[in-house]
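**Student:** With the input below, show me the fold.
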Amino acid sequence: MPANKKYLSHPFQRFLKLTAGFFGGYFVMLYLHLCLTKLFDKTDILITAYVTGFIVWGILLLVAFLARSGWLIWGVYLLLIALFYSIFIYL
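**Tutor:** Numbers count the residues shown, from 1 in each chain. Modelled structure (predicted):
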């Protein structure tokens with residue numbers, strides 16, 4: 001039995017979700033760990049980022065596919081990137 005058409009997303013929305021999850025999730029993870037270097041020792045963050053970075057990136061990748069809109073998840077990820085980077089710069 002084929003899937004109901006109302007539950008299938010447009011190919012461009014799938015592309016937005018894929019790129020948001022892959023690239024946006026990676027940069028959110030990267031700037032989160034960069035922000036944490038201001039609070040903790042840099043070597044400790046570097047060591048834990050090997051494990052936690054992959055876990056956080058994987059979770060953000062899954063969250064991108066659970067979102068209703070690719071534009072929405074890109075907006076959220078860009079806001080998080082800007083927030084973490086501004087904390088890193090001004091703290």
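
**Student:** Could you use CA atoms for every contact and neighbour count after this?
**Tutor:** OK.

**Student:** Now do S9 against M29, distance only.
**Tutor:** 26 Å (C-alpha to C-alpha, to the nearest Å).

**Student:** actually A20, not the one I typed
**Tutor:** 12 Å.

**Student:** Without its sequence neighbours, what residue ends up closest to R14?
**Tutor:** With C-alpha to C-alpha, 6 or more residues apart in numbering as the criterion, R14 has its nearest non-adjacent residue at 7.2 Å, and that residue is G70.

**Student:** so who does the residue nearest to G21 when sequence neighbours are not counted touch?
**Tutor:** Of all residues not flanking G21 in the chain, L61 sits nearest, at 4.0 Å (C-alpha to C-alpha, 6+ apart). Contacts here follow C-alpha atoms under 8 Å, 6 or more residues apart in numbering; on that basis L61 touches 18, 20-22, 25.

**Student:** Just send those back as TSV, with pLDDT too.
**Tutor:** Below are the contacts of L61 laid out as TSV (pLDDT from 0 to 100):
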residue	pLDDT
L18	94
A20	96
G21	95
F22	96
G25	97
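
**Student:** any idea which helix is longest in the chain?
**Tutor:** helix 42-66 (DSSP state H).

**Student:** Quick one: list the elements packing against the helix or strand where F88 lies.
**Tutor:** In this assignment (DSSP states H and E), F88 forms part of helix 70-90. In terms of contacts (3 or more C-alpha pairs under 8 Å, 6 or more residues apart in numbering; DSSP states H and E), helix 70-90 is packed against helix 11-19, helix 25-36.
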